[in-house]
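Enquirer: Need the 3D shape of this:
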Amino acid sequence: MAIINRIGEFGPEITKWRQALHQIPELSFDCPKTATFIAERLKEIGVDEIHEGIAQTGLVAIVEGQGEGPTIGLRADFDGLPITELTERDYKSQHEGKMHACGHDGHTAMLLGAAKYLAETRNFKGKVALIFQPAEENGGGAGVMVEEGIMDRFDIGEVYAIHNVPGLEFGQFFTTPGPIMAAVGTFTVHIDGRGGHGAMPHDTADPVVAACGMVQAIQTIVSRNHNTQQDLVVSVTQIHTGTVDNVIPSTAMINGTIRTFEKDVADMVKKRMAEIIEGQATAYGVEARLDLVDHYPATVNTPKQTAFAANVARDLVGAAAVTDDVEKVTGAEDFAYMLEARPGSYLFLGAGPGAGLHHPEYNFNDEIGPIGASFFARLVETAQPVAR
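Expert: Below you'll find the model as predicted:
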């Protein structure tokens, strides 16, 4: 495995940045301390432009290369999660009930490391747009940054991102052309029945029985309505109803998640779910309202840019450490919005053994920081080489 020598030299600084960020996790768009930290580091690094206040606390920094050329976008997310950290590290979260449990602190440190190297060497033509994004976990910050015009404003032609993954082999890259992560939607069913004494169910319209019937019927969408060659997940994750053992309640609520990769599959799920809820409500003599909310679209890698990114990774870590046909996963990622706006690619970087993402004992593996920074830097130098 080879990282860029210069990046290796300031690897401890990347670790220092990451561990400082780890102590100040902030949520969604409300990340002022994080944004200030990033801006201060970018000023020290000596980038050419810093544009703040995008999607509230997001930033875009520009590093100019040698001569005219395109602009390549590199993205890092920086929001945390509402999780209480269960570790005793010196740099543990100082914000109670908040934690960097997904490695966004590491993603940001990697991009800062690439920025430092690129600003020092400028061994590329055109420009690099360093995109530091809030609200990946909740709020779709990538989509807001796109809506606020960053692609056109900074003339970004292609865009790339990395996500660390504990449990995957250390220092290995994983990607695939086409869909790599799922679109996500949420469904909520509100059931209104007629409550009464538990000993006299004949005098009620029982929402508990209706909810049970609906949950069972919803499962047939996957088992009986979809093409088995297409990936689909429909999971009921919440049922809330009732208060005591001898009272049939008046209301119930069902909630869950939908994961798809193709729009026609998502449309089918919505249609069948509406039909099922209406039919079940009639069958059980209750009223029911279905709320469907679309969240992030599927993360779809552009084949050309993905093949290019995989080749850059091979040059960096060796062919054996790169998988360019990894199975897509049913997690979701708001980088999807940037890939809808511009061609590009999303890659996973193996972090080796450790607690999983969103776990209260998770910790970003700082040893992959220089690898991610080197990948970003090599990507730029390879995509936009200086004429010899």
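Enquirer: From the contact counts, what lies against the one helix or strand Met273 maps to?
Expert: Per DSSP states H and E, Met273 falls inside helix 263-284. For helix 263-284, the packing partners by 3 or more Cβ pairs under 8 Å, 6 or more residues apart in numbering; DSSP states H and E come out as strand 183-192, helix 207-220, strand 232-241, strand 251-260, strand 287-294. Just so you know, the C-beta spots here come from the backbone N, C-alpha and C atoms, and that holds for glycine as well.
Enquirer: and if we set it to 7 Å?
Expert: strand 183-192, helix 207-220, strand 251-260, strand 287-294 (3 or more Cβ pairs under 7 Å, 6 or more residues apart in numbering; DSSP states H and E).
Enquirer: So which of these is nearest Lys304?
Expert: Of all those, strand 183-192 sits nearest to Lys304, with 22.4 Å by Cβ to Cβ.
Enquirer: send the alpha carbons of that closest one over as CSV?
Expert: Extracted C-alpha coordinates of strand 183-192, given in CSV (Å, rounded to 0.1, in the frame of the first residue of the first chain):
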residue,chain,number,x,y,z
ALA,A,183,-33.5,5.3,-2.1
VAL,A,184,-35.3,5.6,1.2
GLY,A,185,-38.9,6.4,2.0
THR,A,186,-41.0,6.4,5.2
PHE,A,187,-44.6,5.2,5.6
THR,A,188,-46.9,5.9,8.5
VAL,A,189,-50.4,4.6,8.9
HIS,A,190,-52.8,6.3,11.4
ILE,A,191,-55.7,4.1,12.3
ASP,A,192,-58.9,5.4,13.9
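Enquirer: Within the sheet, what are the partner strands of it, with directions?
Expert: strand 251-260 (antiparallel), strand 287-294 (antiparallel) (DSSP bridges).
Enquirer: Give me the next element, helix or strand, following it.
Expert: Toward the C-terminus, strand 183-192 is succeeded by strand 196-197 as the next helix or strand (DSSP H and E).
Enquirer: name the helices or strands packed onto that following strand?
Expert: Partner elements for strand 196-197 (3+ Cβ pairs under 7 Å, 6+ apart): none found.
Enquirer: Please work out the average pLDDT along that strand.
Expert: Across strand 196-197, pLDDT averages out at 98.
Enquirer: got it, and stretch 28-41?
Expert: For stretch 28-41, the per-residue pLDDT averages 98.
Enquirer: what does that stretch contact?
Expert: 17, 20-21, 24, 26, 50, 52, 55-57, 59, 78-79, 108, 112, 132, 134-135, 138-139, 141 (Cβ atoms under 7 Å, 6 or more residues apart in numbering).
Enquirer: Report the buried members of these.
Expert: 17, 21, 24, 26, 50, 52, 55-57, 59, 78-79, 108, 112, 132, 134-135, 139, 141 (16 or more other Cβ atoms under 10 Å).
Enquirer: Where does pLDDT dip in the stretch 251-388 of the chain?
Expert: Low-confidence segments of the stretch 251-388 of the chain (pLDDT under 70): 388.
Enquirer: In terms of pLDDT, where does Met1 sit?
Expert: pLDDT at Met1 comes out at 55.
Enquirer: circling back: hey, which of the strands paired with strand 183-192 is tucked in deepest?
Expert: strand 251-260 (a mean of 20; mean count of other Cβ atoms under 10 Å).
Enquirer: if we can go back for a sec, I'd like the strands paired with strand 183-192 as CSV, with distance to Phe376 appended.
Expert: Listed next are the strands paired with strand 183-192 as CSV, based on distance: least, Cβ to Cβ, whole Å:
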stretch, distance to Phe376
strand 251-260, 29
strand 287-294, 31
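Enquirer: Among the ones you listed, which comes closest to Leu42?
Expert: Nearest of the strands paired with strand 183-192 to Leu42, taken as Cβ to Cβ: strand 287-294 at 34.2 Å.
Enquirer: I'd like the next helix or strand past that closest one.
Expert: strand 299-301.
Enquirer: helices or strands up against that next one?
Expert: Packing partners of strand 299-301 (3+ Cβ pairs under 7 Å, 6+ apart): strand 178-181, helix 335-341, strand 344-350.
Enquirer: So what's the gap between the second one and the chain middle?
Expert: Going back to what we said before, that points to helix 335-341. Remark: helix 335-341 is offset 11 Å from the chain centroid, using Cα atoms, centre = their mean, to the nearest Å.
Enquirer: Buried residues in it, which are they?
Expert: 335-339, 341.
Enquirer: And stretch 5-20, by the same measure?
Expert: 7, 10-11, 13-15, 17-19.
Enquirer: same deal with stretch 316-326?
Expert: So for stretch 316-326, counting by 16+ other Cβ under 10 Å, buried means 316-317, 321-324.
Enquirer: next one: it to chain centre, how far?
Expert: Taking mean C-alpha positions (Cα atoms, centre = their mean), stretch 316-326 and its chain are 22 Å apart.
Enquirer: So what touches that stretch?
Expert: So stretch 316-326 is contacted by 1-2, 171-176, 306, 310, 313-314, 374-375, 378 (Cβ under 7 Å, 6+ apart).
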